[in-house]
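# my questions are about this predicted structure, shown below with the sequence.
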Amino acid sequence: MTATMLDPSSLVSIAVRSFLLLLLTAGITLAFRRCSAAVLHAIWTAGLGACLATPILILLSPGWSLPLLPTQELAVASKPDVQRLDMEERSASAVQAPIETQLAVANHQPTIAPQTLTPTLVPQTARMGQPSPSAVVTGPFKWQSLGNLAFSIWMLGLIAILLRHMHQACALQRRVHQASDFDNDQWYRQRDIAAERLGLRAAVPLKLHCEALSPMVIGALRPVLLLPDDAAEWPHERRNLVLLHELSHVQRFDVLTQLMATLACAVYWFNPLVWWGAYQMKRLREIACDDAVITHTSAPVAYAQTLLDVAKRYRCPSMPNGVAMARMSAVEGRITAILSPTRSRAMLGKRSFRVFVAVAFMLAAIFGTCRVTSWADDVPQQKAERAGIETADDSEALTMVVRIFSEDGEPLSGAKLHVSIWELQGANDYANRDYATDEQGRAVVQRPR
């Protein structure tokens, strides 16, 4: 798996797929922008979840081809014939020749000697007359070095972000251990009533912390509701509103989806759309919980005042494994949404949740198994199928050894050889082939019988 990740093409493929996937997610949320915050949050959750599953599918699935990219051969072939003839004349007159060569064979008869070859065709920056280390050390080594560098940079970013989030999570977990059990019958009675309204069966423990922290839910599998030190003095209405909001986080599994978004940001730290998606998830989940409170209390003005008081009075630390009630920087937008009489406040049911999970898996399957190939990869076979011509099989081919030398007589390692064979009308179509010479400057070329 590591060897595959070191391949630059694999790294670029994963980056491009994640970018396109999140671009599609952003387009879907834009199209459904009038839906409720719960629905929009679920769309972003599906998009980020599909991004996390995409690399696994790329490495494990066989995939299917989607020809979209042009090839260098097509670009060369599209040039005017006059320019090609001029290039051939210059290269044949002992002017510095290129590394990439093309061997033409007509009517099954090669135009070159089978053991030696003076390559001709498209001139490039590397010249055979003046071999340099970059010309002798060819593509595979260069690409492998780029793959090592890209993989190292990506790993450094991943480790740095994970260490930062682990430090924040450990600091928050210490606060939970320092907190004391909240022994208050009124709070527990109101907690049970709020859980019954939301349809939540789990009994979430209540804990009291000595610091002035904003009310928050901590933990994905065993959530705990952490309250500030003066929570016992709160009036009945504030207790009810705070409990409804925080227990809505538990019902929606918001801590779990936040951990998923945090992991996506660590893996795709180079992709700005991932950070934007995580920010949208954070904003929309709070609005969705606000909508749940308004739906069950029908007191938007009182709840907006409570939200503003909590944001002003209590501190809200950054944490990957917990969700707090209010942060001052986001209160204005939330209050605007709370007081809006035309917004949709629809909740996400279990059936809708299953639909979004299925959509996430479907998107991951499509983007993870698709292999973007060049236009020319299937051209010979497609032409043969349209014309009803049988394609020549490799078992019917002969082989010959071609050696490529520089003008100094030194064998060229890694020189590229492009072989095109033109058949007589009615003969089997023999596809173009690409070869590369070994350390001795040799390439084994296949040709029809």
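Here it is on my side, so go on.
# C-terminal to whichever helix in the chain runs longest, what's the next element?
Longest helix in the chain by number of residues, with DSSP state H as the criterion: helix 139-178. Where DSSP states H and E defines the elements, the next helix or strand beyond helix 139-178 is strand 180-181.
# partners of that next one, with directions?
Note on strand 180-181: by DSSP bridges, its sheet partners are strand 206-208 (antiparallel).
# next, the nearest residue to Glu439 once chain neighbours are set aside: secondary structure please.
Nearest residue to Glu439, sequence neighbours excluded (C-beta to C-beta, 6 or more residues apart in numbering): Ser413, at 4.8 Å. C-beta: built from backbone N, CA, C; applies to glycine. Applying DSSP: H, G, I helix; E, B strand; the rest coil to Ser413 yields a three-state assignment of coil.
# what pLDDT does Ser413 get?
As predicted, Ser413 sits at a pLDDT of 83.
# contacting residues around stretch 175-182?
By C-beta atoms under 8 Å, 6 or more residues apart in numbering, the residues outside stretch 175-182 that reach it are 205-211, 213, 218-219, 224, 226-227, 231-232.
# quick one on the thing from earlier: list the buried residues for the longest helix of the chain?
By neighbour count on 16 or more other C-beta atoms under 10 Å, the buried set for helix 139-178 is 147, 150-151, 154, 158, 161-162, 165, 168-169, 172, 175-176.
# same thing with stretch 290-306?
290-294, 299-300, 303-304, 306.
# what's next to it, contact-wise?
Here stretch 290-306 makes contact (C-beta under 8 Å, 6+ apart) with 36-38, 197-198, 237-238, 240-242, 244-245, 248, 307, 334-335, 337-339, 343, 345, 347.
# picking that back up, how close does the residue nearest to Glu439 sit to Asn148?
21 Å (C-beta to C-beta, to the nearest Å).
# ok, now Leu156?
Look at Leu156 and Asn148: by C-beta to C-beta, they are 13 Å apart.
# kindly report the same for Cys35.
Cys35 is 45 Å from Asn148, by C-beta to C-beta.
# and for Ala436?
In terms of C-beta to C-beta, Ala436 sits 21 Å off from Asn148.
# just give me the neighbour total for Cys210.
By other C-beta atoms under 10 Å, 11 other residues sit near Cys210.
# hmm, I typed the wrong one, I wanted Phe367.
21.
# let's number from 853 now, not from 1
In the new numbering, first residue 853, that becomes Phe1219.
# state the helix or strand in which it lies.
Assigned by DSSP H and E, Phe1219 belongs to helix 1202-1221.
# ok, now Val1126?
Going by DSSP H and E, Val1126 is in helix 1124-1149.
# show the subsequent helix or strand relative to that helix.
helix 1152-1165.
# list phi and psi for Ser1272.
Backbone geometry at Ser1272, expressed as degrees, to the nearest 10, gives phi -120, psi 130.
# please apply the same query to Gly901.
According to degrees, to the nearest 10, Gly901 has phi -60, psi -40.
# Ala1198 too?
The phi/psi pair for Ala1198 (degrees, to the nearest 10) is phi -70, psi 140.
# got the contact list for Tyr1120?
867, 870, 903, 1126.
# ok, it to Ala1113 distance?
Distance of Tyr1120 to Ala1113, computed by C-beta to C-beta: 11 Å.
# any idea which element Val1271 lies in?
Residue-wise, Val1271 maps onto strand 1268-1274 under DSSP H and E.
# cool, and Val1102?
helix 1088-1104.
# same check, this time on Leu1250
Element membership for Leu1250, per DSSP H and E: strand 1249-1255.
# packing partners for that strand?
For strand 1249-1255, the elements it packs on are strand 1294-1300, judged by 3 or more C-beta pairs under 8 Å, 6 or more residues apart in numbering; DSSP states H and E.
# which residue packs closest to Val1056, ignoring adjacent ones?
Using C-beta to C-beta, 6+ apart, the nearest residue to Val1056 is Leu1077, at 5.1 Å.
# tell me the SS of that neighbour?
strand.
# tell me, how many residues neighbour it?
When counting by other C-beta under 10 Å, one arrives at 23 neighbours for Leu1077.
# for it, name its beta-bridge partners.
Counting by DSSP bridges, Leu1077 is bridged to Leu1058, Val1069.
# how close does it get to Trp1039?
9 Å.
# so what sits against both of those two?
Residues touching both Leu1077 and Trp1039 (C-beta under 8 Å, 6+ apart) are 1058, 1095.
# pull out the buried positions in the following helix or strand past the helix holding Val1102.
Next in sequence after helix 1088-1104, counting helices and strands by DSSP H and E, comes helix 1106-1119. The neighbour-count check on helix 1106-1119 (16+ other C-beta under 10 Å) flags 1106-1107, 1109-1119 as buried.
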